[in-house]
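K.L.:
starting from these lines, generate the structure:
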Amino acid sequence: MSSSSSSSGARHMMDDYKVQSGVSITNDMLPNAPASSLLIVQKEAPSLWEKFQADPFPPIGCFVTAAILVGGLHSFWKGESKKSQKWMRARVASQGITIGVIGLGFVYNQQRKLPELRQNRLN
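P.N.:
As a prediction, this is how the structure comes out:
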């Protein structure tokens with residue numbers, strides 16, 4: 001196999017990779033390829049607001065947990081130990097619910113993407 005055909009094959013493999021993964025490729029990764037033959041693909045990261053709109057429960061859970069923590073610390077500083085204990089138990093419950101929601105969101109998103117991933121493997 002000649003050198004030009006192997007670099008051409010490598011370029012084709014890299015083209016497939018960068019289209020699927022969104023990773024940028026630089027010239028030093030393929031030293032024999034002319035700069036004009038490389039296509040640099042970069043995905044723009046979604047904004048914080050777009051992420052919140054897509055899945056609002058984890059940030060809400062984090063905010064609720066932080067608010068409960070502040071309430072518990074306030075009770076602790078005032079010397080109300082029984083009330084502070086209730087706040088801290090509520091904080092632990094809130095953290096557990098938030099982690100559960102994050103896990104369920106992850107599983108849901110993976111299940112939603114599964115048909116697309118299977119289709120990409122077939123192509």
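K.L.:
which SSE is Ser84 in?
P.N.:
helix 81-122 (DSSP states H and E).
K.L.:
which helices and strands does that helix pack with?
P.N.:
helix 57-78 (3 or more Cβ pairs under 8 Å, 6 or more residues apart in numbering; DSSP states H and E). C-beta here means a position set from N, CA and C on the backbone, and glycine is covered the same way.
K.L.:
next, the angle from the helix it packs on to helix 81-122.
P.N.:
Interaxial angle of helix 57-78 relative to helix 81-122 (axes from the mean of the first three to the mean of the last three Cα atoms, to 10 degrees): 160 degrees.
K.L.:
tell me the mean pLDDT over helix 57-78?
P.N.:
Taken as a whole, helix 57-78 has a mean pLDDT of 94.
K.L.:
and that helix, what other elements does it pack with?
P.N.:
By 3+ Cβ pairs under 8 Å, 6+ apart, helix 57-78 packs against helix 81-122.
K.L.:
isn't Ala90 right next to Val70, touching?
P.N.:
No - under the criterion of Cβ atoms under 8 Å, Ala90 is not in contact with Val70, lying 11.8 Å apart.
K.L.:
between these two, which one's more packed in?
P.N.:
It is Ala90, of Ala90 and Val70, that has more neighbours when counted by other Cβ atoms under 10 Å, with 16 against 12.
K.L.:
who touches that one in this structure?
P.N.:
By Cβ atoms under 8 Å, 6 or more residues apart in numbering, the residues touching Ala90 are 68, 72.
K.L.:
ok, now how distant is it from Asn120?
P.N.:
Separation of Ala90 from Asn120 (Cβ to Cβ, to the nearest Å) stands at 44 Å.
K.L.:
and the next helix or strand past the one helix or strand in the chain whose mean pLDDT sits lowest?
P.N.:
Scoring the helices and strands of the chain by mean pLDDT, DSSP states H and E places helix 3-21 at the bottom, with a mean of 47. Where DSSP H and E defines the elements, the next helix or strand beyond helix 3-21 is helix 48-54.
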